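> just to be clear, the model below is a prediction. Sequence and coordinates:
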There are 2 protein chains.
Amino acid sequence: MGEDYKSMWMELGLDLDGHDALLNVLAQAYNDIFLSQKDRPETMSYFDFVMSEVHGLRIRELLEEKKTGRKIIGSYCVFVPEEIALAANATLIGLCSGADFATDEVEKLLPRNTCALIKSSFGFKLGKVCPYLESADMIVGENTCDGKKKSYESFKSLVDNLYIMDLPQVKSEQGRELLKNEYFRFKKAVEELTGVTITADSLKDAIRTVNAKRAAVHRLSLLRRHDPAPISGLDALLANQIFFYDNPARFTQSVNAICEELEKRVQKKDGAFPAKTVRILLSGCPQAVPNWKLPAIVEQSGAVIVGEESCVGERGCRNLTDDSGNSVDEMMEAIIDRYFKIDCAIFTPNGERIDHIKEMSKTYRADGVIHYGLQFCQPYLMEAIPVERALEKESIPCLRIETDYSMEDAGQLTTRVEAFIEQLR
Amino acid sequence: MGEDYKSMWMELGLDLDGHDALLNVLAQAYNDIFLSQKDRPETMSYFDFVMSEVHGLRIRELLEEKKTGRKIIGSYCVFVPEEIALAANATLIGLCSGADFATDEVEKLLPRNTCALIKSSFGFKLGKVCPYLESADMIVGENTCDGKKKSYESFKSLVDNLYIMDLPQVKSEQGRELLKNEYFRFKKAVEELTGVTITADSLKDAIRTVNAKRAAVHRLSLLRRHDPAPISGLDALLANQIFFYDNPARFTQSVNAICEELEKRVQKKDGAFPAKTVRILLSGCPQAVPNWKLPAIVEQSGAVIVGEESCVGERGCRNLTDDSGNSVDEMMEAIIDRYFKIDCAIFTPNGERIDHIKEMSKTYRADGVIHYGLQFCQPYLMEAIPVERALEKESIPCLRIETDYSMEDAGQLTTRVEAFIEQLR
C-alpha cells in the first residue's frame, strides 16, 4: 500500500511499525497463497485489488463517509444485522480477528487457553494495527460463546464504544423473543448513534441491498457444485471474507461479475482444478482474513474446497430476508426470522446444522468433510463429534481438525490432510 | 462399605469392579486427607459416617423412598431449585462429578479440552459407578457454560430421562423473565413426574426446609471468621459437599450440632489450626466429592481455608428464599428472586461476584485469596483475571490456580501454594 496512507493511519492512532509488519506478512501470505494459484478467474483481480488496499483505500472511503456524518459500526459476528445499520445510514464492517498479534499483551487480559479468534481481536486493539476498529463509532459485541461473552467484559476497558448484544441459547419461542427485544434495542441504539430514524422505505432498501449481496455470494457458491470446480476454495473464501469489509453494492456487482465468468467456465468445462479432483466441504469455525492456513493446506495438497459451512461462508449468507413487509415492524420481524435461522453451535440443540452439513455435502458433491475447529472453541469442538458421527452414518468421510493461527502445526496438518485426501481418491 | 450393598449396586446396573476401585480410592483419599487431620470437631463424626456410607446407606434410603413412590431428581448445578422438588414430594440430589473415570471412553464423546467436571459426569455414567445417577428418575441439565450446554446434547444419548433447563446470560429484566418461565416449566415437569401438585403449604414447607439447611451452613461459615478458625477448611468443605446428598432435615440438624461444638471452641479459643495461621479464601469453580486436591494442598501447606466462594460453598448457599408469600405464585417469585442472585461466572457482566469476593475476604478475615479455576472452564478462568485485579486494588494478594482432577501437578501446585502462603506470613 502506498506511502500516502501513513498520515491517515497515524491519525487513527495506529502503531505504524507494528502495522507495517502486519501488512508485510499479509502481502507475503497473499502472494504465496492466492497469487500463486493457477487458472484463476480473471475477475478475481477486483478482489486482489481490494486486498491490496484493505487497510488503505477502503479505510479512506470509510473516513470519507464519516466526514459526511455517516457512522461506522464494527462487529465480530454474523448475528449483528447489517440491514439495521444500513437503514439508519450507517456502515457495518467486520472487525479484524484472523491473525495473532501482541500475544504477550493479550495474555495479560485473557487466559492462554482462549481461542485464537478472540485473542486476535484483543491483539489487534492492543497492538493498534486495525484501522477498521479505530474507525468505528460503535463496536458491537455479542453473547455468543462463553469466550466472547466473558472477554468483552475486559474488552470494554480497551474501547469506549462497546455495545453488548445478548443472544438466546435455545431456539424456543422465548429465545426468539429475546432476539426480537435485542434487535429492537439495537435498532434504537443505532438510531441514537446516527440520529436517523429508520423508516419502512430505508429498511426495505437496506434489506434489498443485503439480500443482493447474499444472493450474489450464493450464486457463486452454487457454481462450485460443478466438476471441474470453476473457482478455487481459496478464492471463494476470499469473496466470503471481503463480504464483511467492502461497500455492499460494489461487492455485489463484483461477485456477480465473477459468477458471469464462472458460468462461461462451467460451459467450457474449465476449472480451477482438473475434473475429478477430490472435493472437500469445509465446516466449522469462521475464518477471518488472513486466516488461510487450513484451506491453503487443503488445496496445496491437491483437493479443491467446494463449500464453506461457516459464518464466513454459507452459514452467514444462506438465508435471505423477506422484503415484502410494509411497515418497519413487519420487516423487523422478517429480519428476526432470518437471523434466528442461523445454525451457530452456540444453540442447543443444533440439529439443523448437522442437516445442513449433510445437505451441503450433497449439493456441492463433496467427497469428504473437513471439520475446522479452533482450539478452545468449545461450541464447535463439542459439536464436531456428533457432526462426524452423523456424516459417518451417511458414509461421508470426515476429518476433524483442531488448530489455531500459528504455523507450528502446518507440517502435521499437511500430513493429516494429505492422508485424508488420499483416502477419498 | 459392607458386602450387603452388592446386590443393590448390581440391581442399579453398576459395574462392580469399577465401583469397588472407585470406593477404594475414595476411602484411601478420605483417610489420608480428612481422618489424618488433627483437632477435628467431634461432631464431624457424623460426616465421617455419611462419607463412609455415601454409596451405601444413603442410596438404600433413596431406594426406600422410591419404593414409596417418591421420585429422585438428579442435578449438576445450584440453579436447579430444590424447593420445587421437595414441594412436589421429590428428593433432589447432586450428581457425581469430582473424579476422573473412564477417561478413554469419555474422550470419544467429548473433546480432550473439556473441563474435568464435565468429563467426570460422563465418566461416572459410562463407567457405571454412580448409584445416584442410576437411581434418578429425572436428570436435570442446565444451559450454564458452553461446555455443559453442548455436552448435554451427547449426554442425552446415555440417559433416557434428561431434562434441559435453559438459563439467562444477563441479569436484565428479560433474563429474569427467562428464568421465571424456565422455573415454572420445571415445576410443571416435576409435578408431572411425581403426580403431585405443588400447593402453597407444600411450597412453604419446602422453602423452610431448604432455608434451614442454608442457614445452618451459613452459621457454620460465620464461625470460621474467628481466629483460631474452629474448623478446618476441608471439614467445612465436606459439609458443603454433603449438602447436596444428604437428607435435608438430618443434614441441617447435623450442621447445627457442629456449630454448637464450634461455638464452644470459639469461646475456649480452640482451633483446628493455631491462632495466627495464614487464612485463605478459596474462590472459583465448584469442588465436588472427591475433588479435595487443592484444599488439601493448602491446609497441608500450613494455611487454613476460611471460606469457599464457590457453588459448593457460599455462592450456592448464601441467599435464603423469602417464605412469607401466601400463594404458590408469590413463593415462586421469591424462589426466582433468590436464584437470580447467584453470581455465577456464566453471567455477563458479573461485577457482584467480585464485590462478594472482596466482602467475603473481609468477613472471614482472609490474608489472601486463591482463585481455583478448572482447566478449560472459560467462564471462571476468564473472570479470574478481573478478580485478581480487583483484589490487587484492595491490597488482597491473589493466586490464580488452573488445574484438573489428576495428581500430576500436585508437586507444582504445592510449590506455588507454599510460596503464596509464605508471602502472606
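Okay, I see it.
> list the buried residues in whichever strand or helix holds residue A:264.
Using DSSP states H and E, residue A:264 sits within helix A:248-268. The neighbour-count check on helix A:248-268 (16 or more other C-beta atoms under 10 Å in any protein chain shown) flags A:248, A:251-252, A:254-259, A:261-262, A:265-266 as buried. Where you see a C-beta, it was placed from the backbone N, CA and C, and this is true even at glycine.
> in CSV, list those residues along with distance to chain B and pLDDT.
As requested, these are exported to CSV (distance: C-beta to the nearest C-beta, whole Å; pLDDT from 0 to 100):
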residue, distance to chain B, pLDDT
A:248, 31, 98
A:251, 33, 98
A:252, 35, 98
A:254, 37, 98
A:255, 34, 98
A:256, 38, 98
A:257, 41, 98
A:258, 37, 98
A:259, 37, 98
A:261, 42, 98
A:262, 37, 98
A:265, 40, 98
A:266, 39, 98
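> count of neighbours near the residue in the stretch 251-400 of chain A that chain B sits nearest to?
Closest to chain B within the stretch 251-400 of chain A is residue A:382: 3.8 Å, counting by C-beta to the nearest C-beta. Look at residue A:382: counted by other C-beta atoms under 10 Å in any protein chain shown, it has 26 neighbours.
> also the one 5 residues further on?
Around residue A:387 sit 25 other residues, with neighbours defined as other C-beta under 10 Å.
> my read is it is in a helix, agree?
Yes - under DSSP: H, G, I helix; E, B strand; the rest coil, residue A:387 sits within a helix.
> and it, what does it touch?
Shown in contact with residue A:387 (C-beta atoms under 8 Å, 6 or more residues apart in numbering or on different chains): A:283, A:353-354, A:357, A:369, A:371, A:398.
> distance from the chain centre to stretch A:171-184, please.
Offset of stretch A:171-184 from its chain centre (C-alpha atoms, centre = their mean, to the nearest Å): 23 Å.
> what comes up buried for it?
A:171, A:174-183.
> show me what the mean pLDDT comes to for that stretch.
Here stretch A:171-184 scores 97 as its mean pLDDT.
> among the contacts of residue A:387, name the ones in helices.
A:353-354, A:357 (DSSP state H).
> all strands for chain A, in order.
A:71-75, A:90-94, A:138-142, A:162-165, A:279-284, A:304-309, A:368-374, A:398-403 (DSSP state E).
> any chance of the buried residues of stretch A:171-184 in CSV, with distance to residue A:291 too?
Output for the buried residues of stretch A:171-184, formatted as CSV (distance: C-beta to C-beta, whole Å):
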residue, distance to residue A:291
A:171, 28
A:174, 35
A:175, 30
A:176, 32
A:177, 35
A:178, 30
A:179, 28
A:180, 33
A:181, 33
A:182, 28
A:183, 29
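> filter those down to the ones close to chain B.
On the criterion C-beta under 8 Å from any C-beta of the partner chain, A:174-175, A:177-178, A:181 are the entries of the buried residues of stretch A:171-184 that sit beside chain B.
> how many residues are close by the residue of the stretch 51-200 of chain A found nearest chain B?
Residue of the stretch 51-200 of chain A nearest chain B, by C-beta to the nearest C-beta: residue A:150 (3.8 Å). Neighbour count of residue A:150, defined by other C-beta under 10 Å: 30.
> quick one: contacts for it?
So residue A:150 contacts B:345, B:348, B:378-379, B:382-383 (C-beta under 8 Å, 6+ apart).
> same question, residue A:252
A:209, A:212-213, A:215-216.
> 10 Å - rerun?
A:209-217, A:243, A:246 (C-beta atoms under 10 Å, 6 or more residues apart in numbering or on different chains).
> please apply the same query to residue A:175.
Counted by C-beta under 10 Å, 6+ apart, residue A:175 has contacts A:167-169, A:340, A:347, B:166, B:178.
> repeat that with 6 Å
Residues counted as contacts of residue A:175 (C-beta atoms under 6 Å, 6 or more residues apart in numbering or on different chains) are residue A:168.
> quick revisit: in helices, which of the contacts of residue A:252 appear?
Those of those mapping onto helices are A:209-217, per DSSP H.
> count the residues that sit near the residue lying closest to residue A:225 once chain neighbours are set aside.
Spatial nearest neighbour of residue A:225, excluding adjacent residues (C-beta to C-beta, 6 or more residues apart in numbering or on different chains): residue A:364 at 5.0 Å. Number of residues near residue A:364 (other C-beta under 10 Å) recorded here: 22.
> how far away is residue A:364 from residue A:303?
Residue A:364 sits 13 Å away from residue A:303, going by C-beta to C-beta, to the nearest Å.
> could you do residue A:402 as well?
19 Å.
> more crowded one of these two?
Under the criterion of other C-beta under 10 Å, the comparison of residue A:402 against residue A:303 puts residue A:303 first, with 26 against 21.
> tell me the contacts of the more buried one?
Residues in contact with residue A:303 (C-beta under 6 Å, 6+ apart) are A:278, A:280, A:421.
> so what's the residue nearest the centre of chain A closest to, chain neighbours aside?
With distances taken as C-alpha atoms, centre = their mean, residue A:312 lies nearest the centre of chain A, 2.9 Å away. Nearest residue to residue A:312, sequence neighbours excluded (C-beta to C-beta, 6+ apart): residue A:286, at 4.5 Å.
> and for the one you found, the neighbour number?
27.
> what's the answer for residue A:327, then?
By other C-beta under 10 Å, 11 other residues sit near residue A:327.
> same check on residue A:142?
Counted with other C-beta under 10 Å, residue A:142 comes out at 22.
> surely it touches residue A:78?
No - using C-beta atoms under 6 Å, residue A:142 makes no contact with residue A:78, being 9.5 Å away.
> how about residue A:323, phi and psi?
phi -110, psi 20 (degrees, to the nearest 10).
> my guess is it contacts residue A:207. True?
Yes - contact criterion C-beta under 6 Å: residue A:323 and residue A:207 qualify, at 4.4 Å.
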